[in-house]
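J.: here is a sequence together with a model predicted from it:
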2 protein chains.
Amino acid sequence: MPEIEVIGSEDRHLAASTILLKSLGGKPFDQLMRQSFVQAYPKGRLIFRLGAQPEHLHVVLRGCVALTGHGAGDKSTVLEFLEPGDSFVLAAVVLGRPYLLSGCAATNTRILHIPAERLRGLIGANHAFALGALDSLALQWRQFVSQITDLKLKSSAQRLGAYLLMLGKDGEVRLPGERQLVAARLGMTPESLSRAFARLKPLGVLGRGQSIRIQDRGVLQSFCDGQEAE
Amino acid sequence: MPEIEVIGSEDRHLAASTILLKSLGGKPFDQLMRQSFVQAYPKGRLIFRLGAQPEHLHVVLRGCVALTGHGAGDKSTVLEFLEPGDSFVLAAVVLGRPYLLSGCAATNTRILHIPAERLRGLIGANHAFALGALDSLALQWRQFVSQITDLKLKSSAQRLGAYLLMLGKDGEVRLPGERQLVAARLGMTPESLSRAFARLKPLGVLGRGQSIRIQDRGVLQSFCDGQEAE
DNA sequence: CGGTTGTTTGAGGACGTTCAAGTACTGTGG
DNA sequence: CCACAGTACTTGAACGTCCTCAAACAACCG
């Protein structure tokens, strides 16, 4: 079982800089932290399960979490990776409805757990905080919009390219998780992801494992947006 | 050009019952309505364009609007249909960022236009209203989650079935728009949609044109969730 | 009534999956 | 440090689903 840990000062700093929580002043923030706790999950461990009633809002402090959806049979997929500073299941907490997704540790992680009841109360009581929640949700909303249009309109290689461009600050990109999980995030099998990487190699997408290098963003961009240049 | 119309009492009632606006008290609501206007768009007319800065928040009063995304070349798709009572582009208005989507009248429509500036101000000033906006966005967030999992995990026929089940109160379902648009919403071509309907016919999905009848929801449900029963 | 548009049906092909095998990692215990 | 097992990733071949293209059919609107 994952152990419960104390909230370190590093944790506090990260949490305080979150889109969601930074709108909260010093005092209510401190109070909320006193009611919260940190838990570590090893890679692969389930954090919360689809269908369950939300008891906590989660904030990633370290590592990476995969939001996973389930379908027919034992099939499952990844909706999004969450990195340090991201909060999740906000929609379920706000509405007080069961999760539509599961959360799974994509790497070893430290997760901040904020009691859902407290959080709902705070949203109702603190206007600034409600606005923070609104921003946080609106940003995720837009991410999903991009993902849906990519799924419907782009080929597998184009989706991969667009995803790498989204991740990368400059030329150097780090995949958030293992390739199977990235494949699921992009709506394809690991085999197809491998072939998509192969098709992108001539366009200057190099590297192995988790770290990828994009030689020319412009070339890749035009491949993903425009016609498929051979 | 679409003509500007007065806000009738019927319009007011519908707007007041919206998830977004019902949290607004009588007085601020009246004031907001005085600053808003109604515009009619004929079928096919563009309501707002991707990339533009949001000037209004829209609420569907009559007819149906398709949120459309654009991709490589001249390709485009439908993210969601919006029916009377639905508001849209809330995320763009909240964040003050350009639209990620276009809006297109799927039928003849009447749309309420609320100035974005006013609305942003109201969200900042009125706590209850901010909560309404949060709920509205959280609901759409969950819709998108379902759509993404369906796109990644279900076959075309299963997606159609799940969509029909989502639309339908009881046995009788009305498609929100023409079949090409429904096909785009489901992430397939009109030809594939036609074939998907053909594959669902043995399962008790009957009807022509816009109105569909589902004989047995249970049968259809198990087809969409579980293994593909022939 | 003809013209336009939307829907269906058919044949062929492309993309992605599945299944299977082979290769490269990662971590563990000797 | 190396051998080894277990896992992840790649590569290949066959298959299936969905798309594309083309034509026939139906519906709508002047």
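T.: Yes, it's here. Numbers count the residues shown, from 1 in each chain, chains lettered A, B, ... in the order given.
J.: quick check: buried residues in stretch A:50-63?
T.: In terms of neighbour count (16 or more other Cβ atoms under 10 Å in any protein chain shown), stretch A:50-63 has its buried residues at A:54, A:56-63. Where C-beta positions appear, they are placed from N, C-alpha and C, glycine not excepted.
J.: just the angle between the top helix by length along chain A and helix B:127-153, please?
T.: Longest helix of chain A, by residue count under DSSP state H: helix A:127-153. Put simply, helix A:127-153 runs at 20 degrees to helix B:127-153, going by axes from the mean of the first three to the mean of the last three Cα atoms, to 10 degrees.
J.: where's helix A:127-153 relative to the chain centroid, distance-wise?
T.: Offset of helix A:127-153 from its chain centre (Cα atoms, centre = their mean, to the nearest Å): 12 Å.
J.: quick check: mean pLDDT across the following helix or strand past that helix?
T.: As assigned by DSSP states H and E, the chain's next helix or strand after helix A:127-153 is helix A:156-167. For helix A:156-167, mean pLDDT is 97.
J.: stretch A:35-47 too?
T.: Taken as a whole, stretch A:35-47 carries a mean pLDDT of 94.
J.: report the distance from it to the chain centre.
T.: 15 Å.
J.: pull out the buried residues from that stretch.
T.: Residues A:36-41, A:47 are the ones in stretch A:35-47 that count as buried (16+ other Cβ under 10 Å).
J.: for the residue nearest the centre of chain A, give me its contacts.
T.: Centroid-nearest residue in chain A: A:Leu82, 2.2 Å away (criterion: Cα atoms, centre = their mean). Residues near A:Leu82 by Cβ atoms under 8 Å, 6 or more residues apart in numbering or on different chains: A:60, A:64-67, A:88.
J.: can you lay out the residues you listed as CSV showing secondary structure?
T.: CSV is the format used below for the contacts of A:Leu82 (DSSP: H, G, I helix; E, B strand; the rest coil):
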residue, secondary structure
A:Val60, strand
A:Cys64, coil
A:Val65, strand
A:Ala66, strand
A:Leu67, strand
A:Phe88, strand
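J.: closest to DNA strand C among these?
T.: A:Cys64 (14.9 Å; Cβ to the nearest atom of the strand).
J.: what pLDDT does that closest one get?
T.: Value for A:Cys64, per-residue pLDDT: 96.
J.: wait, doesn't it sit right on A:Thr107?
T.: Yes - contact status for A:Cys64 versus A:Thr107: in contact at 4.8 Å, counting by Cβ atoms under 8 Å.
J.: anything in contact with each of those two?
T.: With Cβ under 8 Å, 6+ apart as the test, A:Cys64 and A:Thr107 both reach A:Gly177.
J.: returning to what we had before: okay, the angle between the longest helix of chain A and helix A:156-167?
T.: 150 degrees.
J.: is helix A:127-153 up against chain B anywhere?
T.: Yes - for helix A:127-153, a contact with chain B is found by Cβ under 8 Å from any Cβ of the partner chain, at A:127, A:130-131, A:133-135, A:137-142, A:144-153.
J.: for stretch A:110-120, same thing?
T.: No - judged by Cβ under 8 Å from any Cβ, stretch A:110-120 stays clear of chain B, getting no closer than 10.4 Å.
J.: A:Pro54 contacts A:Leu101, doesn't it?
T.: No - if you go by Cβ under 8 Å, A:Pro54 and A:Leu101 don't touch, sitting 10.9 Å apart.
J.: look up the residues that both of the two are in contact with.
T.: Residues touching both A:Pro54 and A:Leu101 (Cβ under 8 Å, 6+ apart): A:Val89.
J.: tell me the residues of chain A that contact DNA strand D?
T.: A:178-180, A:190-191, A:193-195, A:197-198, A:208 (Cβ under 7 Å from any atom of the strand).
J.: how about the helices of chain A, start to end?
T.: Counting by DSSP H, chain A has helices at residues A:9-16, A:26-35, A:90-95, A:116-125, A:127-153, A:156-167, A:179-185, A:190-200, A:217-225.
J.: tell me which of the ones you listed lies nearest to B:Arg118.
T.: B:Arg118 lies closest, by Cβ to Cβ, to one member of the helices of chain A: helix A:127-153, at 16.3 Å.
J.: pull the residues that contact the lowest-mean-pLDDT helix or strand in chain A.
T.: Within chain A, judged by mean pLDDT, DSSP states H and E, the helix or strand with the poorest mean is strand A:4-5; its value is a mean of 82. The contact list for strand A:4-5, computed with Cβ under 8 Å, 6+ apart, reads A:37-40, A:110.
J.: rerun that using 6 Å as the cut-off
T.: A:37-39 (Cβ atoms under 6 Å, 6 or more residues apart in numbering or on different chains).
J.: okay, now the sheet partners of it, with direction.
T.: strand A:37-41 (antiparallel) (DSSP bridges).
J.: export the strand it pairs with as CSV, just CAs?
T.: Provided in CSV are the C-alpha atoms of strand A:37-41 (Å, rounded to 0.1, in the frame of the first residue of the first chain):
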residue,chain,number,x,y,z
PHE,A,37,-1.9,15.0,2.6
VAL,A,38,0.7,13.6,0.2
GLN,A,39,0.8,10.0,-0.9
ALA,A,40,3.4,8.3,-3.0
TYR,A,41,2.4,5.8,-5.7
